[in-house]
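Below: sequence and its predicted model.
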Amino acid sequence: MTPLGAKLRKMREERGMTLKQMAQALDVSSAYLSALEHGRKGKPTWFLVQRIITHFNVIWDEAEEIQRLAEISDPKVTIDTAGMAPEATELTNRLAREIGRLDVEDLRFLHTELVRRAVRSRP
């Protein structure tokens, strides 16, 4: 499941909507919406994100959160490490191989550490 998929499912369930009802409201197929929720489809188009925001009548912070989640919800990521340190290539390959074996606690730790170090290294 992607971050956007988790958010969509939560919003849908909080409002008591079925997948089919939400798909009809967004003018997409139930199969597509299910695949989007489960992370079998890539990030949605900008237009679909806007329809989601409009359909759920969200404003400001929540609308920005949905847009941000859509941007980081591509389940098939490609990382080009050409020209980077060898450690970057090793890290990306190891992560690609091992990410499925990590539990949620490990993933949260790695995410937090990556964000902390990336922010620290900005000029």
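Received it, and whenever you're ready, just let me know what you need. Residues are numbered from 1 along each chain as shown.

so A25 touches F56, yeah?
No: the pair A25 / F56 is not scored as a contact, 9.3 Å apart, by CB atoms under 8 Å. To be clear about C-beta, it is placed using only N, CA and C from the backbone, and glycine gets the same treatment.

Of the two, which one has the most company?
F56 (20 against 16; other CB atoms under 10 Å).

residues touching the more buried one, list them.
11, 15 (CB atoms under 8 Å, 6 or more residues apart in numbering).

measure it to E14 for me?
10 Å (CB to CB, to the nearest Å).

for the lengthiest helix in the chain, what is the average pLDDT?
Scanning the chain for the helix with the most residues, using DSSP state H, yields helix 104-120. Averaged over helix 104-120, pLDDT sits at 92.

Just list what that helix packs against, helices and strands only.
Helices and strands in packing contact with helix 104-120 are not found; criterion 3 or more CB pairs under 8 Å, 6 or more residues apart in numbering; DSSP states H and E.

Tell me the buried residues in it?
Buried positions in helix 104-120, judged by neighbour count with 16 or more other CB atoms under 10 Å: none.

Residues touching that helix, excluding its own?
99, 102.

so how far is that helix from its chain's centroid?
Relative to the chain's own centre, helix 104-120 is displaced by 16 Å; criterion: CA atoms, centre = their mean, to the nearest Å.

try stretch 5-19
15 Å.

Can you tell me what sits against that stretch?
1, 22, 25, 30, 33-34, 36-39, 52, 56, 65-66, 69, 73.

In strands, which of those residues appear?
Among those, none falls in strands (DSSP state E).

Sitting in helices, which of the residues you listed do you find?
Reading helices off these with DSSP H, I get 22, 25, 30, 33-34, 36-38, 52, 65-66, 69.
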